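Participant: build me a structure from this.
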Amino acid sequence: SKTVKIRKPCSFLRAHVNEVKTGMVRISVLNDALVSICNAEKRGKRQVLLRPSSKVIVKFLTVMMKHGYIGEFEIIDDHRSGKIVVFLNGRLNKCGVISPRFDVKLDEIEQWASNLLPSRQFGFIVLTTSCGIMDHEEARRKHTGGKILGFFY
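Facilitator: Numbers count the residues shown, from 1 in each chain. The predicted model follows:
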């Protein structure tokens, strides 16, 4: 009869197994939402489900909807983090988050717009200001700077 030796796993393996078990950590909820929207738009989907929801995502989507880049959206309140269903209309080419949220002065808005957007005719940069979350044109009209959240065109 053969004897089978059972060895305890070394501490390196144990640490590695614990690392593998832990899941991914959500860095930016807004970034996850915008990437989901962009991917669904590329695939030609008519709607996309975003989760979790946040006030910043809702305001960002409101700015996009105001300019006609997305259709309307529904906020679903499960008693957890919430979900948003966004109806797409096929107008969105790209959207993204700028991280870290750089400070943008009033006279720097034009430089950021030329760096991020493909043309002066279309596309918007979304800023969070002391007057709320708005696009760069509205911020220029209200004569205020702020922190840059992201862009879409």
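Participant: distance from the chain centre to the lengthiest helix in the chain, please.
Facilitator: Secondary structure assigned by DSSP state H gives helix 29-43 as the longest helix of the chain. Helix 29-43 sits 7 Å away from the centroid of its parent chain (C-alpha atoms, centre = their mean, to the nearest Å).
Participant: elements contacting that helix?
Facilitator: Under the contact criterion of 3 or more C-beta pairs under 8 Å, 6 or more residues apart in numbering; DSSP states H and E, helix 29-43 touches strand 47-50, helix 55-66, strand 95-97, strand 146-152. Yep, even glycine has a C-beta here, placed from its N, CA and C like the rest.
Participant: mind doing that once more with 7 Å?
Facilitator: With contacts defined as 3 or more C-beta pairs under 7 Å, 6 or more residues apart in numbering; DSSP states H and E, the packing partners of helix 29-43 are strand 47-50, helix 55-66, strand 95-97.
Participant: among the ones you listed, which is nearest Glu138?
Facilitator: Closest of these to Glu138 is helix 55-66, at 8.6 Å (criterion: C-beta to C-beta).
Participant: show residues contacting the longest helix of the chain.
Facilitator: By C-beta atoms under 7 Å, 6 or more residues apart in numbering, the residues outside helix 29-43 that reach it are 26, 48, 50, 52, 54, 56-57, 60, 86, 88, 92, 94-97, 99, 150.
Participant: what mean pLDDT does that helix get?
Facilitator: Within the predicted structure, the mean pLDDT of helix 29-43 is 97.
Participant: can you redo the helices and strands packed on helix 29-43 as JSON lines with mean neighbour count, distance to Ile76 and mean pLDDT?
Facilitator: Compiled in JSON lines, these are given as follows (neighbours: other C-beta atoms under 10 Å; distance: least, C-beta to C-beta, whole Å; pLDDT from 0 to 100):
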{"stretch": "strand 47-50", "mean neighbour count": "17", "distance to Ile76": "9", "mean pLDDT": "97"}
{"stretch": "helix 55-66", "mean neighbour count": "18", "distance to Ile76": "12", "mean pLDDT": "97"}
{"stretch": "strand 95-97", "mean neighbour count": "19", "distance to Ile76": "21", "mean pLDDT": "97"}
